[in-house]
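**Student:** no letters, just coordinates:
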């Protein structure tokens, strides 16, 4: 089984420690999502380790190459991706696309030699009702690898040498549209992807259509998120403790649209030109002033909940009126950097604005994972005051 042979040895090394360290300090410049302590789950295993194949005798692709028409552009180098497969993971679906023959058959064959080449991985969460947010555009976690060298600033190469091109694309602005997915091995996983992102490592974009096979039956997953939220104000419980924010803030970050903007922002020459709602923060009190420039929350106001990694929350590519993936955080007292709980969640942005002082309206739902000792749920409607850098 493909999922059974996946190895968890790799990490995306660059965007977290290296890029995050270089990018800190610029006004209006957020830490990269994978550099922030709580921005998202830790970097996930790269599919390349599960899809290493015997290249001297590859099996024929299960789907004709014409069924996949994805163009991956990394630092102005275009690469067609024409092969791929899909597998179920613990809380969603993973779609892996390549520039060389790989499918379910070859993905089962382990070899000490890595596949190499270009690769796009799309991680789709199971979402409300376990439907993988199918039927409408939704954000997803996208990761890109390419054998070409990353074009990084000189101090980086002097310290670490030449680095391969590896980065994650912004989940606030990418768009993946899936058709409904069947649960049995051999089911077609069809959809489209549109995404673009820029960091110190470089710029990448992906666009096109895919049609790949599901390698194995989707295994039963923990109870899925419910498909609706309560009608009242967003509130809930965790381990018997009531979570009832009385005010919310929508924290806006400005992200780079190009690699040049990323470099400029990293050395305090200016913010990026792309705006996104980076975090929604709930406080126990009312009338909390916006945090200082460059800060994500007001620690002195003791935030009690937050949503981060909000899908469809970019100014340039908003996704309003449909459920989107997000992550729910319950901080230790006043410290969002060290959450006591990280729950799967969805959010529907009902009204999205980026003007300071105006309000973002949203519907949310979150549930404690089955592995948590302190169970709970959180959901309802919220109005958040926009706080811009």
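**Tutor:** Done, it's in. Only a predicted model underlies this, so the values are computations on that prediction, with no experimental measurement involved.

**Student:** and residue 305, how far is that from residue 179?
**Tutor:** 34 Å (Cβ to Cβ, to the nearest Å). To be clear about C-beta, it is placed using only N, CA and C from the backbone, and glycine gets the same treatment.

**Student:** tell me which of those two has more neighbours.
**Tutor:** Using other Cβ atoms under 10 Å as the criterion, residue 305 and residue 179 rank with residue 305 on top: 29 against 14.

**Student:** now the more buried one. Nearest residue, chain neighbours left out?
**Tutor:** Leaving aside its sequence neighbours, residue 305 sits nearest to residue 282 (Cβ to Cβ, 6 or more residues apart in numbering; 4.3 Å).

**Student:** count the residues that sit near the one you found.
**Tutor:** 25.

**Student:** that one is in what secondary structure piece?
**Tutor:** Residue 282 belongs to strand 274-283 when assigned by DSSP states H and E.

**Student:** same question, residue 144
**Tutor:** Using DSSP H and E, residue 144 falls in strand 141-149.

**Student:** then residue 349?
**Tutor:** Using DSSP H and E, residue 349 sits in strand 335-351.

**Student:** just give the nearest non-adjacent residue to residue 137, would you?
**Tutor:** In this structure, residue 137 finds its nearest non-sequential neighbour in residue 175, 4.3 Å apart by Cβ to Cβ, 6+ apart.

**Student:** give the bridge partners for the one you found, please.
**Tutor:** Bridge pairing for residue 175 (DSSP bridges) gives the partners residue 194.

**Student:** return the per-residue confidence for it.
**Tutor:** pLDDT, residue 175: 93.

**Student:** make 13 the starting number, not 1.
**Tutor:** Let's use 13 as the start, then, which means that last one is residue 187.

**Student:** tell me how many other residues crowd it.
**Tutor:** Other residues close to residue 187 by other Cβ under 10 Å number 18.

**Student:** OK, contacts around it?
**Tutor:** By Cβ atoms under 8 Å, 6 or more residues apart in numbering, residue 187 lies in contact with 149, 150, 151, 204, 205, 206, 207, 324, 329, 331.

**Student:** quick one: the second one from residue 144, how far?
**Tutor:** The spacing between residue 150 and residue 144, counted by Cβ to Cβ, is 8 Å.

**Student:** list only buried entries from the contacts of residue 187.
**Tutor:** Buried members of these, scored by 16 or more other Cβ atoms under 10 Å, are 149, 150, 151, 204, 205, 207, 324, 329, 331.

**Student:** with that, I have no additional questions.
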